[in-house]
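K.L.:
just need the structure, nothing else, for what follows:
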Amino acid sequence: MTLELVVASGKGGTGKTFISSNLAFYLNSKGTKAIAVDADVEAPDLALALGGIKEIKWEEKFYGKIVTIDYSRCIGCGSCVAVCRFNALNMENGKPVVDEDLCEGFGACALVCPVKAISFIDIERGYIYRGTTPVGLDVFTGDLHVGEKNSGLLVYNLKTMAREAAYREGFDIIVVDSAAGIGCPVISSISGADLLIIVVEPSKQSLKGALRLMDIADQLNTEAYVIVNKYDLNVNFYETIRREFGERIIGKISYNDIVVEAYARMTPLLKLYPDSKPTLEMIDAFNKILEEMRIR
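P.N.:
Just a heads-up that it's a prediction; the model follows:
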């Protein structure tokens, strides 16, 4: 059985990709067969943190859907306009008009149309590919074209393909590097996961975002734990985080300039500086994660 672990953060810049890249690298180094998914499809950088893509194994275009209206059947009732959450439909001269830049292809409009005048067409939104990194990890990743929509659907497709590969090839665990925040791609990342790791930094904005992520995890019945990154930049506020999450904190990692160096050299910190303080702190947290997931 393949387990799925998601690393997320309520705001950008907390070190989410730093944690997920090193976690995936650590799992492989311990003999746990891992595969990674970069679910931050608007700004994918997980592969970069692992040394970049050495070889692309396959690549395909990603298509989303937008609605189209058969005006020969439309009666201009406006039901579709009323139900669209994305404001992609507007009434003009008594008929609904689609704004393709806003349409997510969600489909509620088609469900409520009394004369079945609404259907869907495919539109190219980006691409998906699987690549091998220099550290021996395969990464499933995708990229939306500039300004395109359907990031939640793209994440769903990425995870589906990773799960299929894991089943075929016998991977033990899928590590998903989520986008920051709590939007559609993040919810799609967390959905169906076995464990969520929320990365928090000692700031009010990060704590607020982490609490919202924890609420989402509870609603999706996903077990969630917290890693506090750069905790020593504000020790007093770290205590606030500790009081808020208590036993759900599974690790804390100190700030060090060598993390910046690891990013610049596109190398996991665990490989570049295996005996450094933040490395040992991460390993301690990762071992607790393994214990929680009952992987030895």
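K.L.:
in this structure, where's the longest helix?
P.N.:
If each helix of the chain is counted by residues according to DSSP state H, the longest one is helix 151-169.
K.L.:
average model confidence for it?
P.N.:
For helix 151-169, the per-residue pLDDT values average out at 87.
K.L.:
can you show me the strands along this structure?
P.N.:
According to DSSP state E, the chain carries its strands in the segments 3-9, 34-38, 55-69, 89-92, 95-98, 118-132, 138-144, 173-180, 195-200, 223-229, 249-253.
K.L.:
what is the last one packed up against?
P.N.:
For strand 249-253, the contact count by 3 or more Cβ pairs under 8 Å, 6 or more residues apart in numbering; DSSP states H and E identifies strand 223-229, helix 235-245, helix 277-292 as packing neighbours. Where C-beta positions appear, they are placed from N, C-alpha and C, glycine not excepted.
K.L.:
what does the third one give?
P.N.:
Contacting strand 55-69 under the criterion 3+ Cβ pairs under 8 Å, 6+ apart are the following elements: strand 95-98, strand 118-132, strand 138-144, helix 151-169.
K.L.:
and those: which comes nearest E55?
P.N.:
Checking the helices and strands packed on strand 55-69 against E55 by Cβ to Cβ gives strand 118-132 as the closest, at 4.7 Å.
K.L.:
ok so, going back, could you identify which of the helices and strands packed on strand 249-253 is most buried?
P.N.:
Taking mean count of other Cβ atoms under 10 Å as the contact definition, the stretch among the helices and strands packed on strand 249-253 with the greatest mean neighbour count is strand 223-229, which reaches a mean of 23.
K.L.:
next, the angle from it to helix 277-292.
P.N.:
Relative orientation of strand 223-229 versus helix 277-292 (axes from the mean of the first three to the mean of the last three Cα atoms, to 10 degrees): 170 degrees.
K.L.:
by contact count, what packs against strand 223-229?
P.N.:
Counting by 3+ Cβ pairs under 8 Å, 6+ apart, the packing neighbours recorded for strand 223-229 are helix 16-29, strand 195-200, helix 204-219, helix 235-245, strand 249-253, helix 277-292.
K.L.:
mind listing residues that contact it?
P.N.:
14-15, 18-19, 194-202, 210, 213-214, 217-218, 238, 241-242, 245, 248-253, 285, 288-289, 292 (Cβ atoms under 8 Å, 6 or more residues apart in numbering).
K.L.:
so E4 sits right up against I197, yeah?
P.N.:
No. Counting by Cβ atoms under 8 Å, I197 is not a contact partner of E4; they are 11.7 Å apart.
K.L.:
tell me which of these two has more neighbours.
P.N.:
Counted by other Cβ atoms under 10 Å, E4 and I197 do not tie: I197 has more neighbours, with 28 against 22.
K.L.:
which residues touch the more buried one?
P.N.:
5-8, 19, 23, 224-227, 250, 289.
K.L.:
biggest separation within these, which pair?
P.N.:
For the contacts of I197, with distances taken as Cβ to Cβ, the pair at the greatest spread is L23 and A224 (15.2 Å).
K.L.:
so for T160, which of the helices and strands packed on strand 249-253 sits nearest?
P.N.:
strand 223-229 (21.7 Å).
K.L.:
between strand 195-200 and the closest one, find me the angle.
P.N.:
Computed by the same axes, to 10 degrees, the angle separating strand 223-229 from strand 195-200 equals 30 degrees.
K.L.:
and strand 223-229, how far out from the chain's middle?
P.N.:
Computed by Cα atoms, centre = their mean, to the nearest Å, the chain-centroid distance of strand 223-229 equals 15 Å.
K.L.:
strand partners (parallel or antiparallel) of that strand?
P.N.:
For strand 223-229, the paired strands and their directions (DSSP bridges) are strand 195-200 (parallel), strand 249-253 (parallel).
K.L.:
can you pull the phi/psi pair for K30?
P.N.:
The main-chain torsion angles of K30 are listed as degrees, to the nearest 10 and equal phi -90, psi 0.
K.L.:
wait, what's in contact with the closest residue in space to Y63 that isn't next to it in sequence?
P.N.:
Closest residue in space to Y63, ignoring its immediate chain neighbours: D122 at 4.3 Å, by Cβ to Cβ, 6 or more residues apart in numbering. When contacts are counted by Cβ under 8 Å, 6+ apart, D122 touches 63-65.
K.L.:
next one: F86, what pLDDT does it get?
P.N.:
So F86 comes in at 87 (pLDDT).
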